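[1] Pasting a predicted model and its sequence here:
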Amino acid sequence: MIDIQNITVQFGTRTVLNDIEIKFNQGEMIGLVAPNGTGKSTLMNVIMNYLQPTKGKVLFNGNLSYSSKSNEVKIHQFVSMMPDQSDLYNHLSGRTHLKMYAAMWKSDPNLIDETIEALNMGHYVNKKTGTYSLGMRQRLCFAMQIVANTDIMMMDEVMNGLDPNNVEIISKILLKKKAEGKMIIIASHLLDNLEKYADRIFLFNEGKLVNTNEIIEGFSQAKIKTIRVKNMDESVKALLKTKYPLIKHQTLVTEMTLLHLPSSEQQLLSDLTAFLVENNVMDFAFGKVTLNDLYALYYHEVV
Ligand SMILES: Nc1ncnc2c1ncn2[C@@H]1O[C@H](COP(=O)(O)OP(=O)(O)OP(=O)(O)O)[C@@H](O)[C@H]1O
């Protein structure tokens, strides 16, 4: 378990993390989402103690913190950060990298071949990494962390440069690790993927972590409670507000209007359908709010 207690990070006058307080549990997949340069890596660096916060501390499993070098060694036995592609040694093979990681974390050596097979790396893993493509290097970095097999795994842009097949393969491996009780923290811009697999997703806003479930009630529920309407006329919006004052409106920069319904009662849904059609609004769909919508709401950017 990670207990982040009042972490503040300032660089000069800029506050990148502002008094963050949050607990992450074993068996959870946590998604961190934000535009570039907002603090995702900074938070991970604090959790790894690569960066000392201006204020606050991080507790592991109740009472262990980075209060001494020997504690750091203890913590890094069960907390790992996925290596970066620039950490690879070009003159060594992928297999050698995997063996190093298995040896450093004293994990089960059988994991090496299992992981090579799961990630379809057999045809290249014995070659020097200097000959690998971007996607091959990325899979190796991921495989290294899987072989280390720590209880807490942090990954910054794990899906970088991967084709959709490999994104799915890695997602399935992550689900398996989660089922084994690992805590997985992922910073990613692949919102659809994150939305599918993460248990809790946090957006960074002005140095704070905002849980997506708190932005829109029922965000993670599949129930129909939202209508997505494209290019809705201001006059129709006004009419709708008068007729259905309980329906909340949110307009995104994507020209999409979200209508949040007070319930998903059948009668309300059919009345609303009739209302929209009568007012010549044809481009609409019932469905849940997506992470892409929330991103557009928060960051005024189209993903
Ligand atoms: N050591 C440092 N000194 C000064 N400023 C820093 C330092 N590290 C990070 N920053 C600044 O803090 C902000 C957050 O950086 P961070 O790397 O955490 O962003 P990020 O959300 O991980 O971005 P990305 O998606 O690009 O990886 C940025 O404005 C960055 O310039």
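    Yep, that arrived.
[2] How are the helices of the chain distributed by residue range?
    For the chain, the helices defined by DSSP state H cover 40-48, 69-78, 94-104, 110-118, 134-148, 164-179, 191-197, 212-215, 234-243, 266-278, 291-299.
[3] can you tell which of the ones you listed is closest to the ligand?
    Judged by CB to the nearest ligand atom, the one of those that comes nearest to the ligand is helix 40-48, at 3.2 Å. Where you see a C-beta, it was placed from the backbone N, CA and C, and this is true even at glycine.
[4] Does anything pack onto the closest one? Which helices or strands?
    strand 2-11, strand 14-24, strand 29-33, strand 79-81, strand 152-156, strand 183-187 (3 or more CB pairs under 8 Å, 6 or more residues apart in numbering; DSSP states H and E).
[5] how about TSV for those, with distance to Met282 and mean neighbour count added?
    As requested, the helices and strands packed on helix 40-48 are exported to TSV (distance: least, CB to CB, whole Å; neighbours: other CB atoms under 10 Å):
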stretch	distance to Met282	mean neighbour count
strand 2-11	47	17
strand 14-24	43	16
strand 29-33	32	24
strand 79-81	49	21
strand 152-156	42	22
strand 183-187	38	24
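[6] May I see these arranged in JSON lines, with mean pLDDT and distance to Tyr197 as well?
    Below are those laid out as JSON lines (pLDDT from 0 to 100; distance: least, CB to CB, whole Å):
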{"stretch": "strand 2-11", "mean pLDDT": "97", "distance to Tyr197": "19"}
{"stretch": "strand 14-24", "mean pLDDT": "96", "distance to Tyr197": "15"}
{"stretch": "strand 29-33", "mean pLDDT": "95", "distance to Tyr197": "6"}
{"stretch": "strand 79-81", "mean pLDDT": "97", "distance to Tyr197": "19"}
{"stretch": "strand 152-156", "mean pLDDT": "96", "distance to Tyr197": "12"}
{"stretch": "strand 183-187", "mean pLDDT": "97", "distance to Tyr197": "9"}
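[7] Out of the ones you listed, flag the one nearest the ligand.
    Of the helices and strands packed on helix 40-48, nearest to the ligand by CB to the nearest ligand atom is strand 2-11, at 3.5 Å.
[8] For that closest one, which outside residues touch it?
    Contact with strand 2-11 is made by 15-24, 39, 42-43, 46-47, 51, 53-60, 62, 152, 183, 207, as judged by CB atoms under 8 Å, 6 or more residues apart in numbering.
[9] Could you tell me how many residues sit around the closest residue to Ile170 other than its chain neighbours?
    Distances taken as CB to CB, 6 or more residues apart in numbering put Phe142 closest to Ile170, at 6.0 Å, once the chain neighbours are dropped. Phe142 is flanked by 26 other residues according to other CB atoms under 10 Å.
[10] my guess is Phe142 contacts Ala118, does it?
    No. Counting by CB atoms under 8 Å, Phe142 stays clear of Ala118, with 10.3 Å between them.
[11] Return every residue with contacts to both of the two.
    Counting by CB under 8 Å, 6+ apart, the common neighbours of Phe142 and Ala118 are Ile173.
[12] follow-up on the earlier one: where among the helices of the chain is the average confidence lowest?
    Among the helices of the chain, helix 212-215 carries the lowest mean pLDDT, at a mean of 75.
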